[in-house]
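Trainee: Below is the structure, and that's it, no one-letter string:
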């Protein structure tokens with residue numbers, strides 16, 4: 001009798017164990033076959049699809065690289081190894097991805113995958129993350145993606161996508177991260193973005209027009225550098241949460257809003273625009289900010305420097321129309337080691353107040369060449385090659401220059 005009971009217990013345990021380790025859903029298995037058929041490993045030592053063996057009895061949920069399941073359904077699909085030395089995958093992204101109806105994350109690591117982004121992705125309302133970066137995807141961004149109500153992160157950067165940004169981006173209530181950098185997108189930025197957006201990167205495209213009149217107040221990271229945008233920097237004052245702002249290499253004009261010169265905004269890149277007026281006369285930051293960078297170079301800024309930026313670790317004001325002497329606070333900041341880079345070359349500055357015989361830290365990079373100083377105290381040793389080899393401006397340029 002005891003042997004019969006033991007046999008019954010073992011048999012029951014086997015049945016329950018088999019049910020708890022259910023095989024992948026047949027529709028998901030069929031979708032994975034189609035996805036694999038449309039992609040291939042670029043020859044290398046690390047082959048992503050080496051574990052995708054459909055002839056084996058093993059469950060893909062347990063043995064396929066990049067496949068994560070819940071209750072026998074695929075919930076996360078990561079295509080490619082993601083290793084720095086891997087060339088990634090080639091081929092196209094199959095519309096069969098949309099057959100994985102419980103998918104929450106779709107990730108395609110760097111490779112040479114071509115073709116369009118399947119519009120069918122817009123049917124996967126469970127999707128929270130779409131990251132298809134550093135490939136050769138073409139065509140427009142499917143408008144259907146902007147109907148995914150649960151989407152948190154959309155990263156399509158470093159591809160060859162073209163067309164305009166869909167105006168319905170603000171219809172994504174849960175979107176926090178939007179990265180579309182380094183594509184061929186054109187037209188103007190949408191007038192509205194989701195109010196909870198924290199990270200927006202559209203740099204390295206062909207966008208034109210002005211900045212939207214009102215950006216999400218929650219933004220902490222905003223990059224629209226290296227585009228064709230113009231107009232004044234309006235609406236920036238309300239972005240009090242910004243820690244990173246890059247609007248460099250555009251055609252922005254007018255003054256720099258004083259509200260942008262604040263300690264919380266530790267990375268400010270406005271170089272290579274048509275900005276004019278004075279460097280904002282804001283109050284100096286109360287404390288130095290390690291790692292902070294302010295780059296206002298290659299503009300048309302005029303007037304004398306205030307002490308507003310003495311706490312920045314790296315400060316670039318070169319190639320402007322600045323005049324007068326450099327405030328002593330800047331020299332003191334460099335000597336303390338607070339400011340490690342100070343580029344002032346190619347202006348009309350008349351003095352750099354450093355005492356004869358005083359030395360700057362070996363870690364400091366200070367360039368004051370090609371200004372209106374008869375004998376610049378620092379020479380050219382710390383200047384970049386782009387500064388040229390002339391220590392001072394010709395006298396006629398200095399005598400004839402007016403703000």
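Mentor: Perfect, thanks for sending it. Being a predicted model, the structure only gives us computed values, none of them experimental.
Trainee: mind listing the helices for the stretch 1-150 of the chain?
Mentor: Read by DSSP state H, counting those that start in this stretch, the stretch 1-150 of the chain holds these helices, from start to end of the chain: 2-20, 26-38, 60-63.
Trainee: most residues in a single strand of the protein, which one?
Mentor: The single longest strand within the chain, with elements called by DSSP state E, is strand 73-79.
Trainee: which non-adjacent residue is nearest residue 210?
Mentor: Using Cβ to Cβ, 6 or more residues apart in numbering and skipping residues adjacent in sequence, the residue nearest residue 210 is residue 231, 3.5 Å away. Placement of C-beta: from N, CA and C, glycine included.
Trainee: hmm, who's touching the longest strand of the chain?
Mentor: Taking Cβ atoms under 8 Å, 6 or more residues apart in numbering as the criterion, the residues outside strand 73-79 that touch it are 24-25, 28, 31-32, 35, 39, 48, 61, 66-69, 89, 97, 100-109, 126.
Trainee: Among those, name the buried ones.
Mentor: Neighbour-count burial (16 or more other Cβ atoms under 10 Å) is assigned, among the contacts of strand 73-79, to 24-25, 28, 31-32, 35, 39, 48, 61, 66-67, 69, 89, 97, 100, 102-109, 126.
Trainee: Can you flag which of those residues belong to strands?
Mentor: Secondary structure defined by DSSP E assigns 39, 67, 69, 89, 105-108 of the buried ones among the contacts of strand 73-79 to strands.
Trainee: For stretch 230-247, the averaged confidence score.
Mentor: Computed over stretch 230-247, the mean pLDDT rounds to 92.
Trainee: buried stuff in that stretch?
Mentor: When neighbours are counted by 16+ other Cβ under 10 Å, the buried residues of stretch 230-247 are found to be 233, 236, 239, 242, 244-247.
Trainee: now do stretch 81-91
Mentor: Of all the residues in stretch 81-91, those buried under the rule 16+ other Cβ under 10 Å are 81, 86-91.
Trainee: want to throw these into TSV with pLDDT and distance to residue 364?
Mentor: Formatted as TSV, the buried residues of stretch 81-91 follow (pLDDT from 0 to 100; distance: Cβ to Cβ, whole Å):
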residue	pLDDT	distance to residue 364
81	87	42
86	80	40
87	87	41
88	91	42
89	95	46
90	96	48
91	97	51
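Trainee: Pipe these into JSON lines and attach distance to residue 314 per row.
Mentor: Conversion of these to JSON lines gives the following (distance: Cβ to Cβ, whole Å):
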{"residue": "81", "distance to residue 314": "35"}
{"residue": "86", "distance to residue 314": "34"}
{"residue": "87", "distance to residue 314": "35"}
{"residue": "88", "distance to residue 314": "34"}
{"residue": "89", "distance to residue 314": "38"}
{"residue": "90", "distance to residue 314": "40"}
{"residue": "91", "distance to residue 314": "43"}
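Trainee: so which of those residues comes closest to residue 253?
Mentor: Relative to residue 253, the closest of these is residue 88; by Cβ to Cβ it sits at 41.4 Å.
Trainee: quick one: contacts for residue 277?
Mentor: Neighbour list for residue 277: 254-256, 301-303 [criterion: Cβ under 8 Å, 6+ apart].
Trainee: Select only the buried ones of the residues you listed in ChimeraX?
Mentor: The buried residues among these can be selected in ChimeraX (16+ other Cβ under 10 Å) with this line:
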select :256,301,302
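Trainee: Which ones among the contacts of residue 277 lie within strands?
Mentor: When the contacts of residue 277 are checked against strands (DSSP E), the matches are 254, 301-303.
Trainee: Between those residues, which sits nearest residue 309?
Mentor: Top of the list for closeness to residue 309, among the ones in strands among the contacts of residue 277 and by Cβ to Cβ, is residue 301 at 12.0 Å.
Trainee: Name the residues linked to that closest one by a beta bridge.
Mentor: With DSSP bridges as the criterion, the beta-bridge partners of residue 301 are residue 277.
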